[in-house]
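> Provided below are the primary sequence and the corresponding predicted coordinates.
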Amino acid sequence: MGRRGPKAVDIGLLNCWEYEWYKAFHVLRDGRALPGGLAVFAPPLDNTRRQIRSWVERLKNMDEDEYLRINRLTCARIAGKADEASEATDEVSLSAAREWARGQRLDEIAELERYLDPKKIPEEAERRNLWKALWQAKNLSALQKACDQWANLRDVRAQGMSAFPNHILANAGEFLRMKADFRFPKSPSPAVDESRLEYLARGMAGILSNLSPMTGIERLRNVKHTQGGQLWKKDIDGREYCNCWRCEQKRTRSAYKLSAVGWWNGVALFMEIAETKKQKPTKGDGR
Ligand SMILES: [Zn+2]
């Protein structure tokens, strides 16, 4: 890393990295990218295990562009409106949308596989201990040990997420320093764990945006999500919204994220639409 000093802050880049780290830490701690996955506890309605296995296969063979297209149709169906295709127009939004689709797709695959075979995801207690070892690491050797174990988790390797512990080791000094800061939430209470995860995700976002961790943490914490905010966006069609990943999460398929039954319904609808819209004439390479 280069010298520190006043640097231009790219809040869009920070936002992207925060989302990536947020998911990576959640996968480490909970075995899933986003909190609130309830599929395991829900009855799969009328869906047979065989059908669910076929969904997993279908999702694995889907590229980001197809996922986005099916998702738009699903949202339109849920909203009871025709597909008004607020498709990303510029390259930056498109690549952000693809990145989102990639995470979303992997998350759904993981969730469905977890339902089919709960043993596929290592024990929850084991994950929590590993996460604890990471945030409690006081020196390089403790950090190295936690990161190595993290990188070697089967699902982490399968999802290509071993890069995250490697990024931490490559920036071990800064990682240990931000944990030593008085602002780091140290309380062992589970209620504090989410803000701890957020702190570290933002700090790592800062590092990967070539800023200091504290700059990342401060800037991301102070993002305004209302009109005039740093990530406020106005589309060509006049629609205005905060373009940060949190607000994006809330807007997307929120209808079925609210409950486990809703989650299954949403996936079932998505797969139903995917079945009927299998062919697409044109396809960019997407990667
Ligand atoms: Zn926002």
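That came in fine, so what should we check first?

> To which secondary structure element type does Tyr241 belong?
strand (DSSP: H, G, I helix; E, B strand; the rest coil).

> contacting residues around it?
232-233, 247, 251 (C-beta atoms under 8 Å, 6 or more residues apart in numbering). Quick note: C-beta positions are derived from backbone N, CA and C, even for glycine.

> Now intersect the residues you listed with the strands, please.
Cross-referencing the contacts of Tyr241 against strands under DSSP state E gives 232-233.

> Report the buried members of the contacts of Tyr241.
Buried subset of those (neighbour count, 16 or more other C-beta atoms under 10 Å): 232, 247.

> Just put the contacts of Tyr241 in JSON lines and tack on pLDDT.
Listed next are the contacts of Tyr241 as JSON lines, based on pLDDT from 0 to 100:
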{"residue": "Trp232", "pLDDT": "95"}
{"residue": "Lys233", "pLDDT": "91"}
{"residue": "Cys247", "pLDDT": "86"}
{"residue": "Arg251", "pLDDT": "71"}
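
> want to throw the contacts of Tyr241 into TSV with distance to the ion?
Listed next are those as TSV, based on distance: C-beta to the ion, whole Å:
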residue	distance to the ion
Trp232	8
Lys233	10
Cys247	3
Arg251	10
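
> Kindly indicate which of the contacts of Tyr241 lies nearest Arg221.
Cys247 (15.2 Å; C-beta to C-beta).

> Can you tell me the closest non-neighbouring residue to that closest one?
His225 (5.8 Å; C-beta to C-beta, 6 or more residues apart in numbering).

> Quick check: Asp65 is in a helix.
Yes: counting by three-state DSSP, Asp65 falls inside a helix.

> Go ahead and confirm it touches Arg98.
Yes: Asp65 lies in contact with Arg98 (C-beta atoms under 8 Å); the separation is 7.1 Å.

> near the ion, which residues of the protein show up?
Taking C-beta under 5 Å from the ion as the contact definition, the chain meets the ion at 225, 242, 244, 247.

> Drop anything exposed from the residues you listed.
Buried among these (16+ other C-beta under 10 Å): 242, 244, 247.

> Next, count neighbours for the residue nearest to the second one when sequence neighbours are not counted.
Yep, that's Cys244 we're talking about. Once flanking residues are discounted, Cys244 sits nearest to Leu231: 4.7 Å by C-beta to C-beta, 6+ apart. Residues lying near Leu231 (other C-beta atoms under 10 Å) number 19.

> and if you look at Ala110?
Ala110: 22 neighbours (other C-beta under 10 Å).

> Indicate the residue of the stretch 51-200 of the chain located nearest to the ion.
Here the residue of the stretch 51-200 of the chain nearest the ion is Ala96; by C-beta to the ion that distance is 13.2 Å.

> other SSEs contacting the helix or strand harbouring that residue?
Element membership of Ala96 [criterion: DSSP states H and E] is helix 91-116. Applying 3 or more C-beta pairs under 8 Å, 6 or more residues apart in numbering; DSSP states H and E, we find helix 91-116 packed against helix 11-30, helix 49-60, helix 64-79, helix 260-276.

> any chance you could read off phi and psi for Cys244?
Backbone torsions for Cys244, taken as degrees, to the nearest 10, come to phi -80, psi 160.

> Surely it touches Lys224?
No: counting by C-beta under 8 Å, Cys244 sits too far from Lys224 to count as a contact (9.8 Å).

> Low-confidence regions, the stretch 1-150 of the chain specifically.
Per-residue confidence for the stretch 1-150 of the chain (pLDDT under 70) gives these ranges: 1-6, 34-45, 81-89, 118-123.
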